[in-house]
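Colleague: attaching a predicted model along with its sequence, questions to come.
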Amino acid sequence: MCGIAGILGSKMNNHEKINYMTKSLIHRGPDKLNIYHDESYGVYLGHTRLSILDLSISGDQPMISNSGRYVISYNGEIYNHIELRKNIKNYKWIGSSDTETILALVETYGIDQSLSKLKGMFAFCIYDKKYKKIFLARDRFGEKPLYYSNVNGSLIFGSELKVFKYCKEINFELDQSSISSFMKYGYIASPSSIYKNIKKLKQGDYITYDLSSKVLVVNKYWSIINKIQTSN
């Protein structure tokens, strides 16, 4: 288990804020805390690491791809990452982490094909420095959590709701329908959370966020219903 957090597309200096956000997740990843920032486009990515695969610094995050184009902050485990590596030719591997495998996949196939190939539990943010786009993705069954808020021209995300308490721009108004759902079913279904202005990314979904236009699009890459229908 690791912790991920980020502030994306903001014009403010968010060094202090991302530090607090990331430190609040240290219980998820006590082995290492790192932060990446690209101030020119207001990209701040935080990560707390629980070292499981590749215990060396080669597995540290946020991680930058070989070409320098992609940056990832990731929480999870990719079960088929060794198999995926065998199918990626002419890639200069630095370490043995599944984080690096995801980056290599995206560099080779793009985000859509990469998500279709991943088998595991995950939540990640990938920053495409070339096209100034952000991708937030959650695994097929939603095993790993990922919350986000699109407010005042910036996208804020994190593994847990507590990261948002450092963001004064967010209105923490309780969502009465979410409270009703919790009282009735014992949980709050995605994409809702307990707060009106904070969403939980649904399982099998990914977000594309354009840093230039500030346009956010939620995409479905996998669903159990579609899987059953195509299998019949």
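Modeller: Happy to help now that I have it.

Colleague: what is the longest helix belonging to the chain packed up against?
Modeller: When the chain is parsed with DSSP state H, its longest helix is helix 98-109. Using 3 or more C-beta pairs under 8 Å, 6 or more residues apart in numbering; DSSP states H and E, the elements in contact with helix 98-109 are strand 63-64, strand 70-78, helix 81-86, helix 111-117, strand 120-128. Just so you know, the C-beta spots here come from the backbone N, C-alpha and C atoms, and that holds for glycine as well.

Colleague: apply 7 Å and report the result again.
Modeller: Using 3 or more C-beta pairs under 7 Å, 6 or more residues apart in numbering; DSSP states H and E, the elements in contact with helix 98-109 are strand 63-64, strand 70-78, helix 81-86, helix 111-117.

Colleague: can you tell me the closest non-neighbouring residue to the residue nearest to the spatial centre of the chain?
Modeller: If you average the C-alpha coordinates of the chain and look for the closest C-alpha using C-alpha atoms, centre = their mean, you land on residue 124, 2.5 Å from that point. Nearest non-adjacent residue to residue 124, counting by C-beta to C-beta, 6 or more residues apart in numbering: residue 74, 3.9 Å away.

Colleague: was I right to think that neighbour contacts residue 102?
Modeller: Yes. Here residue 74 reaches residue 102: they are 6.3 Å apart, a contact under C-beta atoms under 7 Å.

Colleague: residue 2 versus residue 145, what's the distance?
Modeller: Computed with C-beta to C-beta, to the nearest Å, the distance linking residue 145 and residue 2 is 12 Å.

Colleague: between these two, which one's more packed in?
Modeller: Neighbours of residue 145 and residue 2, each counted by other C-beta atoms under 10 Å, are more numerous for residue 2; the result is 25 against 17.

Colleague: so what's the more buried one up against?
Modeller: By C-beta atoms under 7 Å, 6 or more residues apart in numbering, the residues touching residue 2 are 28, 29, 47, 48, 49, 50, 75.

Colleague: narrow the residues you listed to those that are buried.
Modeller: A residue is treated as buried here by neighbour count (16 or more other C-beta atoms under 10 Å); on that basis the buried members of the contacts of residue 2 are 28, 29, 47, 48, 49, 75.
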